[in-house]
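Q: need the 3D shape of this:
(one chain, ligands or ions: 1)
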Amino acid sequence: MSMFCFQCEQRGKYKGADGTLLDGCTVCGVCGKKEDTANLQDEVISSLIELSKTKPNDETTLKIIEGLFTTITNANFDNESLKTMIKNPKYDMNKIWQGNEDVRSLKSLILFGLKGMAAYAHLSFMKVYLLWKKIYQQMNLLLLF
Ligand code: SF4
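A: Prediction:
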């Protein structure tokens, strides 16, 4: 299996090598996400898990929101921009994916929920930014009297 993503309702169903039905995208995403992008997105998340261990401040919170948002379905398939978000240290995601299935389920639920929250937060920031941008542009115009 070259990738595994099961974060959205579009996910595919595939038969694994042992005949087990896998509920997730394992070759490429139904959404179009490729294997290399999926794995880079996992690395982004692993960086964010480590970042979340530091004392929170505005900068880290924004990085976490941006990073979570960028991994939601269809938000960002640009590998170069994903690479800029990957920092060391990185959390070993196998601790989740290879671990106890109840813990894995709970952590996945939390992670996907946080991604959803980040999407709304990101959208709100953009709305506020665009609103204030319009206001500031008007200020600039007023200064041209
Ligand atoms: S985000 Fe894309 S790769 Fe992941 S489960 Fe949904 S369709 Fe599949």
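
Q: low-confidence stretches in the chain?
A: Along the chain, segments meeting pLDDT under 70 span 1, 144-145.

Q: would you map the strands across it?
A: For the chain, the strands defined by DSSP state E occupy 13-15, 21-23.

Q: the first one and the ligand in contact?
A: Going back to what we said before, that points to strand 13-15. No - where contact is defined by Cβ under 6 Å from any ligand atom, no part of strand 13-15 touches the ligand; the two come within 10.6 Å at best. Bear in mind the C-beta positions are built from the backbone N, C-alpha and C, glycine included.

Q: what's that strand in contact with?
A: 21-27 (Cβ atoms under 8 Å, 6 or more residues apart in numbering).

Q: for the chain, which helix extends over the most residues?
A: If you go by DSSP state H, the chain has its longest helix at helix 101-142.

Q: Thr70: neighbour count?
A: By other Cβ atoms under 10 Å, 21 other residues sit near Thr70.

Q: equivalent analysis for Glu35, please.
A: Using other Cβ under 10 Å, Glu35 has 17 neighbouring residues.

Q: wait, what's in contact with it?
A: Applying Cβ under 8 Å, 6+ apart, we find Glu35 in contact with 2-3, 27-28.

Q: kindly indicate the member of the contacts of strand 13-15 with the most neighbours.
A: Going by other Cβ under 10 Å, Cys25 tops the contacts of strand 13-15 with 23 neighbours.

Q: and it, how close does it get to Ile49?
A: The spacing between Cys25 and Ile49, counted by Cβ to Cβ, to the nearest Å, is 22 Å.
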